[in-house]
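In: return a 3D structure for these sequence lines:
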Amino acid sequence: MKKYIAEMLGTMVLVLMGCGSAVFAGSIAGTVGAGVGTLGVALAFGLAVVAMAYTIGKISGCHINPAITLGVFLSKRMSAKDAGMYMIFQVIGAVIGSAVLYALVSTGSHAGPTATGSNSFTEGYMTQAFIAELVFTFIFVLVVLGTTSKGGAGNFAGLAIGLSLVLIHIVCIPITGTSVNPARSIGPAIFQGGEALSQLWLFIVAPFLGAALAALSWRVIDTEEA
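Out: Numbers count the residues shown, from 1 in each chain. Down below sits the predicted model:
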């Protein structure tokens, strides 16, 4: 249970800090010098992962992302029971983080272009969004599997994973707002409703497919046992 609670808390922090940066500090379209912009939001997500990696990593491995959990499970590094419970508690954590953001927005103002940090794609660009989420999740999970494998990055794994998430956000934010994490998408979508909920399937299916491909690829190229 300690592992599951750690995953819940870690995912809550990720959503609160990452989505919170977009809600309260994201640049307003057409306003020069407003907010932190794409790079600032990207850094918020990446730094949240780094912080949590060195906080709960020793307890749960700090997946805080169902796609990573799926990749780890398919790489035969964890049981089906743990994988399922990790995902459940990750979603709970994301909902809690989103609830805090909702409470903050409901009781005050926000300077960003979004009230929840939900993911979305422009009508007519579903294929682009699907490819982006699949490919960038594939890259992200591959980095996680590689850096945490036997002979990998060791104590520097958290830093490498966080920085890779920053890079992914820099490219993907203009396309979908960047998910590569089903839990991170589910929480904000619940509070956003409407289009966010109708498009949510993409931010679950594409990351899971990307994670599965990453696990398969890593099993092919890895030279060490997990």
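
In: in stretch 151-159, what's buried?
Out: 152, 157-159 (16 or more other C-beta atoms under 10 Å). The C-beta positions use only the backbone N, C-alpha and C, and glycine is treated the same way.

In: and if you look at stretch 135-155?
Out: Buried-residue list, stretch 135-155, by 16+ other C-beta under 10 Å: 135-149, 152.

In: name the residue closest to the centre of the chain, please.
Out: Asn181 (3.7 Å; C-alpha atoms, centre = their mean).

In: where along this protein do the strands fall?
Out: Counting by DSSP state E, one finds no strands in the chain.

In: could you list the low-pLDDT ranges of it?
Out: Counting by pLDDT under 70, the chain contains low-confidence ranges at 27-34, 225-226.

In: before we move on, back to that, switch the buried residues of stretch 151-159 over to JSON lines; also include distance to Val205.
Out: Shown next, in JSON lines, are the buried residues of stretch 151-159 (distance: C-beta to C-beta, whole Å):
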{"residue": "Gly152", "distance to Val205": "28"}
{"residue": "Ala157", "distance to Val205": "27"}
{"residue": "Gly158", "distance to Val205": "28"}
{"residue": "Leu159", "distance to Val205": "30"}
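
In: and of the residues you listed, the nearest to Ile186?
Out: Gly158 (24.0 Å; C-beta to C-beta).

In: was I right to think the closest one contacts Ile56?
Out: No. When contacts are counted by C-beta atoms under 8 Å, Gly158 is not listed as touching Ile56 (10.3 Å).

In: common neighbours of these two, please.
Out: By the contact definition C-beta atoms under 8 Å, 6 or more residues apart in numbering, Gly158 and Ile56 are jointly contacted by Cys62.
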